Each structure stands twice: as C-alpha cells, then as structure tokens.
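Asker: got a structure for you, letters missing:
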C-alpha cells in the first residue's frame, strides 16, 4: 500500500466512524419501537412484523441503489444519498403517527430502510484501501462505531416519547424524531468529510500500478480480473448465503422480542434495555470478529457465528417468561452471532469481488441480505401468532445450524483469494 493510500484509508475510517455513530441512533429506533408502533396503529399482533419487513425491504432496494451509485460515482454520493433518504423516512414515520395514517406509515418505513442499508454499506468503504490480510479488522472498526448511537437510542425511548407527546404525537414516534436527526447529520458528515473518495482512489491506484514505467520493458503488474473466476464465484455464493441466513435468523427473533416481553408484563423501558444490549452485542464485538476473520479464516468465523445463533435461539426458547436476565443473554448471543456472520461474510465477499465491479457486487449481496431480513421480520409475527415465540426461536436456531455444512461444501485449499 502506498503512503497516500494508507493516509486516506485512516482518514476514511475516521470519517465513517463519525457517520456511523450518528447513524446508529437512526438504526436503533426502528428496531426498538417499530413493531410496537405498527401494532398500536393497526391493532394486530400478527402485523407486528410488518415494520421490520418494510424497512428491511426498503433497505434491500437502497442497498442495490447505493451499490450502483457507488459503482458509478464513488462511495461518497452513494452513502450520502442513502443516509438522506433514511432521514426523510424517519420524518415521514413521525408524520404518519401524527396523522394516524397506516398507509403513510408503511411507505415511510420503506424509505426509512435506506438508512439501515447505508449503515451496512459503509463497512465496505472502510475496506476499499486495505490489504486483504487486514480487511476483517477494517470492516469491524466501521461497524463497532455504530455501537454508541445504537445503544444510546433505545435508552432514550421514554425521553423522546415525552417530546413526541408534548408535540401531540404518539409517544412511540419519538425515537423516529431522533433517527431523522441522526441520519441527516450522518449524510452531512459524509458529504463534507469523505474526501478523497476511497473507492475512486483505489481504482486510480490500481490503474497506476498497471501502467508501464518509462524505460521499463518488463511486463506490467498483473491486473485484478474484471470478473471473478469460478472459485471466486463459488466463494461469493457461499458468503452471500451465510449472511442471508444470519440476517434472517437475527431479524426474526429480534423483531418479536419486544412483543414477547410486553405480552408477559415487561415494560417499554425493559424492552428498550434488552434491545440496546442486543444491538451493542451486534456491533461492540466487531473488532474480535474482524480479528478472527483475518487470523482464523472467514469460514471458521462464519461457522462460529452459526453456532452462536443456535445457542441464542435455544436459550430464548427455554428462558422463563419472567426472566429478563436470560432473555437478555439470549439477545446478546443473537447479536454476537450476527456480528461474526456479517464480518466474516463481508470479508469473504470483498476478497472474492474484483475491484472493477466490487461496489455493484456488494450492493447485490446486501440486497439479498436485506430481503432475508424482510422475510424474517414478516414471518416472525405469523409464526408467533400461530405457534409462539418459543417455536420461532427454535426454528431460527435450526436454520443457523443448517448453514454450517454449506460453509465447507467447497474445497478448503488456499487460493489467490487468501485465507477463506
């Protein structure tokens, strides 16, 4: 890596960290009270998974859009646009709550999902200028920055609810007010500070490395292929499948936990605390996940994530309904499993995707991940309504366990992709 690239890489990570702290507040709002707000407005538990389905579906479309914009114009415009649409969606959710309009709520939750997609797409930008041996740690540094905002957000449910009620709006819309501010400031930080653009610089440096030097008759440096070879294509499919399963399991169990707690006598503050611990467990262990991905290997990290998700599902199913401690531990394990799965999968995708098409490929992978989250969210309410929270948790654990054989279905030999 050149001195220029190293300096820009460090600056890029610092800017992304600042943006992710702000965006974390927006991320937490929908997770904590989205299902409760929809149930309050619709009056049906079976519809409680719809908000997660909508903003994860919105994040699916946004992931593809952010990936395409980044591919064509660089990371800065892609990330800024995504955060901006997320801020618009959060403001629209507040308006929907004030107008008691379910139709508007659904539309704005879809737009709100753009913030979630952008929050995740930012991790790729942190790895654009980093050598393969350090990509896991670069990704994890960007992800861990989300922790502060994501933990603070759910614990401000009551305070933001009071503000909302003072303005004549439902209390559950309060966290979305904070989300709009957080996403808006994140967009501003990216627009102003993410210069030079890391993806565009990485491409320029790659072209310069291939250019012949005057007086040098030797062959140019080998170019990274424009399309992945068959081994890389298989690696991409495995990484995408692993992240899809991880997201579906996490979204399904997480979405219904506040409803499960409320139905068994726990208050909104208790649900906010459990979700904040869950979100902290999603992002705070990211440095460890990145270290494991770089040192133990991407697939081993993914397998450990699957085992952790299994443990989370079993514990959530077996925890007594009045035991907030055990439920909190289960949700913390759920977050840790997600962290291992996302960081390991992200590093594997970045290893396999050629620089020339990397942003577009990453956007497509995140599209699949987001759709899996949407499916997990919408099906979770139906499963709980038909068979209970315990069944949902056990099904999630079983799905995670089924992922392990897939991880080692192809050859484990080392290739030019590095230690996968």
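Answerer: All right, it came through fine. Please read all numbers here as calculations on a predicted model, not as lab measurements. Residues are numbered from 1 along each chain as shown.
Asker: can you map out the helices along the stretch 301-420 of the chain?
Answerer: Secondary structure of the stretch 301-420 of the chain (DSSP state H, counting those that start in this stretch): helices at 324-352, 358-387, 389-407.
Asker: packing partners for the second one?
Answerer: On a contact count with 3 or more Cβ pairs under 8 Å, 6 or more residues apart in numbering; DSSP states H and E, helix 358-387 meets helix 50-73, helix 102-125, helix 230-263, helix 324-352, helix 389-407. Every residue, glycine included, has its C-beta placed from N, CA and C.
Asker: mind redoing it with 6 Å?
Answerer: helix 50-73, helix 230-263, helix 389-407 (3 or more Cβ pairs under 6 Å, 6 or more residues apart in numbering; DSSP states H and E).
Asker: next, the buried residues of that helix.
Answerer: 358-381, 383-385 (16 or more other Cβ atoms under 10 Å).
Asker: tell me where the model's unsure across the chain.
Answerer: Scanning the chain for pLDDT under 70 picks out 1, 28-32, 44-49, 52, 150-151, 154, 211-229, 409-420.
Asker: just checking, what's the longest helix in it?
Answerer: helix 3-42 (DSSP state H).
Asker: quick check, central residue of this structure?
Answerer: In the chain, the residue lying closest to the centroid (Cα atoms, centre = their mean) is residue 120, at 4.1 Å.
Asker: residue 230: neighbour count?
Answerer: 7 (other Cβ atoms under 10 Å).
Asker: residue numbering should commence at 608 henceforth.
Answerer: Taking 608 as the first residue, the last one we looked at is residue 837.
Asker: could you measure from it over to residue 843?
Answerer: Per Cβ to Cβ, to the nearest Å, residue 837 is found 11 Å from residue 843.
Asker: so what's residue 865 up against?
Answerer: 643, 878 (Cβ atoms under 6 Å, 6 or more residues apart in numbering).
Asker: kindly report the same for residue 850.
Answerer: Counted by Cβ under 6 Å, 6+ apart, residue 850 has contacts 952, 976.
Asker: who does the longest helix of the chain touch, helix- and strand-wise?
Answerer: helix 657-680, helix 709-732, helix 753-759, helix 781-800, helix 805-817, helix 837-870, helix 875-890.
Asker: in a markdown table: the ones you listed, plus distance to residue 1015.
Answerer: Listed next are those as a markdown table, based on distance: least, Cβ to Cβ, whole Å:
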| stretch | distance to residue 1015 |
| --- | --- |
| helix 657-680 | 27 |
| helix 709-732 | 25 |
| helix 753-759 | 30 |
| helix 781-800 | 38 |
| helix 805-817 | 31 |
| helix 837-870 | 9 |
| helix 875-890 | 25 |
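Asker: ok, which of those comes nearest residue 919?
Answerer: helix 837-870 (7.1 Å; Cβ to Cβ).
Asker: in that closest one, what's buried?
Answerer: 838-839, 841-843, 845-869.
Asker: now stretch 929-944
Answerer: For stretch 929-944, by 16+ other Cβ under 10 Å, it's 931, 934, 935, 936, 937, 938, 939, 940, 941, 942, 943, 944.
Asker: most widely separated two among those?
Answerer: The span of the buried residues of stretch 929-944, defined through Cβ to Cβ, is set by 931 and 944 at 20.2 Å.
Asker: how far away from the center of its chain is stretch 740-753?
Answerer: The chain centre lies 13 Å from the centre of stretch 740-753; the measure is Cα atoms, centre = their mean, to the nearest Å.
Asker: hmm, who's touching that stretch?
Answerer: By Cβ under 6 Å, 6+ apart, stretch 740-753 touches 620, 623-624, 627-628, 631, 729-730, 733-734, 737, 890, 893-894, 896-897, 900-901, 950, 953-954, 957.
Asker: stretch 967-974 now?
Answerer: Residues contacting stretch 967-974 (Cβ under 6 Å, 6+ apart): 667, 670, 671, 674, 678, 731, 847, 956, 960.
Asker: most neighbours, which of the residues you listed?
Answerer: residue 731 (31 neighbours).
Asker: how near is that one to residue 618?
Answerer: For residue 731 relative to residue 618 (Cβ to Cβ), the value is 17 Å.
Asker: and if you look at residue 750?
Answerer: 18 Å.
Asker: the two: which is more packed in?
Answerer: residue 750 (30 against 16).
Asker: by how many degrees do the strand or helix carrying the more buried one and helix 610-649 diverge?
Answerer: Taking DSSP states H and E as the definition, residue 750 sits inside helix 742-751. Helix 742-751 runs at 40 degrees relative to helix 610-649, counting by axes from the mean of the first three to the mean of the last three Cα atoms, to 10 degrees.
Asker: please tell me I have it right and residue 954 contacts residue 906.
Answerer: No - contact criterion Cβ atoms under 6 Å: residue 954 and residue 906 do not qualify, at 10.5 Å.
Asker: follow-up on the earlier one: mind putting the contacts of stretch 967-974 in a markdown table, distance to residue 911 included?
Answerer: Shown next, in a markdown table, are these (distance: Cβ to Cβ, whole Å):
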| residue | distance to residue 911 |
| --- | --- |
| 667 | 27 |
| 670 | 25 |
| 671 | 29 |
| 674 | 28 |
| 678 | 32 |
| 731 | 22 |
| 847 | 19 |
| 956 | 18 |
| 960 | 23 |
